[in-house]
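Q: coordinates only, sequence not included:
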């Protein structure tokens, strides 16, 4: 039977999510059923039972518009100047007043003058010009405008408050364990501006004492003060090449809380006693005062390790390297090791060079990664022991049965039908990916598997982390840039006043993380599309990541931009899907186009408004 409820809608990609506040159930609504609703609107949602425990959600009406002003990109359509807020918006917006002489491609601020709720198109006027289409910041301003990052809550720190924070650093040094004489280092990216974590190591006759020092933000930011409220609303920091939107005021994020070299800083330290095989003997959390002796970049630390240099710092790095080798090898017995290195954008690229490159994996990345993983794991274990299970956990659930079977079918396809997997274990996925010789295929298959996994989420109840193979996990190591970690520090110190505060804050953590992921996705896709637009006549490489009755879904390997190759652009034939739906088969030519296979392609058409791309098939790349 049909039912309905009201909800605010959150637009993601080609549709949006609504939540029934009575059942807490979340529904996805395709863009064709949005009925003119835009991101942030309050809508009436109708639910229809379609049988077999399936339901369909549709917007019945818009109850209240969430915003009347927007950041938009202009484009022309049928002699009208239109405003694009994001791809596939369900309500067209026509510009009726343009006093700033803006044109297609420009980024502008608009205000709706008439919603015209019974029509497909709303009318708007341009309030101000933000960026001309030729500006190098055009994409950045469009994306940050879409997600309203400039409107995030912020707190201005005056001189009196700056002195108050400085006194916190001074007055808190007395009652803490003094570790300033313990040799301590940080390892971070070249362009890092805030340093959450530092590490120390003592090698004993049989085993190690591993110290993981995390910036003690909770000493400065108290529950429900103005800075805390602003940080909770942000959820996390947002990092772009053009600008960083810090979760905390800069005096905290890049100065007093940041573990800068040769500066005394407040930390929450985790000391882990390990035996010679790196099994945990004991651990303890305590408030400390530390002083980082040396700031390493990943490349600097890796260079020391690769050249087998000696010296005080070099000797410690070699101990860390050996220890984290053991930790990683033990962890990979049960956790996924997906080879999908994130893309980075270089604003200062040459005109003929792809501005998107994969982040270089350095040997020293493993040191920080394994230290932070074990710290987060132990922090979750500690929270369970002191809060009767109530806390903040980073959960990663098992894939759905449908997606689990899909991944099994992909593995079986490449294993020529020999991968008879009863359970989808991490080690089976790792083993399969190690056998993929081609780096591009391995990277894109890893990306495909990630997309088939459920999203990791914050929750007050622990269910474990499938991807890492941990029975319990949380985020403890980045309180400067993630609100979740600040909450975990308070839980460890037993400073949370009410359990309801944790439950409310978890929603902000999940929302902030989701917003950041979507903003980065949009940013990198726009940069990728711009680069591909310059490569129209060039032959490119792609990996098939899905097969539909009418087209192949292809990921271009250098940008990870996903587009389609229509069947009509394949060699002339009659095509059908194989029974496992992983391969498109040519009836007469016996051609096969399957998931995971690499093909050469060219750009056929790019739609910058809806951020879509169509590729033209050139040839299969045979291995």
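A: Now that the structure is in, tell me what you want to look at. Since we're looking at a predicted model, the values are computed, not measured.
Q: What count of nearby residues applies to residue 170?
A: Residues lying near residue 170 (other CB atoms under 10 Å) number 9. Every C-beta, even on glycine, is put in place using the N, C-alpha and C of the backbone.
Q: Hmm, I typed the wrong one, I wanted residue 513.
A: Burial of residue 513 is recorded as 20 neighbouring residues (other CB under 10 Å).
Q: give me the element it is part of.
A: Residue 513 is part of helix 499-533, with elements assigned from DSSP states H and E.
Q: partners of the nearest residue to residue 618 once chain neighbours are set aside in the sheet?
A: Nearest residue to residue 618, sequence neighbours excluded (CB to CB, 6 or more residues apart in numbering): residue 600, at 4.1 Å. Counting by DSSP bridges, residue 600 is bridged to residue 541, residue 619.
Q: do the same with residue 212
A: Judged by DSSP bridges, the bridge partners of residue 212 are residue 199, residue 270.
Q: rewinding a little: quick one: contacts for the residue nearest to residue 618?
A: 539, 540, 541, 542, 618, 619, 620, 621 (CB atoms under 8 Å, 6 or more residues apart in numbering).
Q: Identify the farthest-apart pair in those.
A: Using CB to CB, those reach their maximum pairwise distance at 540 and 620, which is 14.1 Å.
Q: Of these two, which one has the most company?
A: Neighbours around residue 540 and residue 620, counted as other CB under 10 Å, are more numerous at residue 540. The numbers are 20 against 15.
Q: Pull the contacting residues for the more buried one.
A: Contacts for residue 540 (CB under 8 Å, 6+ apart) come out as 532, 556, 557, 558, 600, 601, 602, 603, 615.
Q: List only buried entries from those.
A: Buried members of the contacts of residue 540, scored by 16 or more other CB atoms under 10 Å, are 532, 556, 557, 558, 601, 602, 603, 615.
Q: Now flag whichever of these is closest to residue 435.
A: residue 557 (18.8 Å).
Q: Let me know how buried the residue lying closest to that closest one once chain neighbours are set aside is, in neighbour terms.
A: If the residues on either side of it in the chain are set aside, residue 557 comes closest to residue 440, at 4.2 Å by CB to CB, 6+ apart. Neighbourhood size, residue 440 [other CB under 10 Å]: 17.
Q: buried residues in whatever helix or strand residue 440 lives in?
A: If you go by DSSP H and E, residue 440 is part of helix 439-452. Buried residues in helix 439-452, counted by 16+ other CB under 10 Å: 440, 441, 442, 443, 444, 445, 446, 447, 448, 449.
Q: if I pick the first one, what's in contact with it?
A: In this case it means residue 440. Counting by CB under 8 Å, 6+ apart, residue 440 touches 541, 543, 557, 598.
Q: The last one now?
A: Listed by CB under 8 Å, 6+ apart, the contact partners of residue 449 are 336, 338, 407, 410, 429.
Q: Residue 302 - how many residues pack around it?
A: Look at residue 302: counted by other CB under 10 Å, it has 22 neighbours.
Q: wait, residue 400
A: Using other CB under 10 Å, the number of residues around residue 400 comes to 12.
Q: pLDDT wise, what is residue 623 at?
A: Note on residue 623: pLDDT of 54.
Q: mind listing the helices for this structure?
A: For the chain, the helices defined by DSSP state H occupy 138-146, 159-171, 226-234, 250-251, 298-306, 312-331, 363-386, 401-414, 426-434, 439-452, 483-493, 499-533.
Q: from what I can see residue 91 touches residue 39, true?
A: No: Residue 91 lies out of contact with residue 39 (CB atoms under 8 Å); the separation is 10.6 Å.
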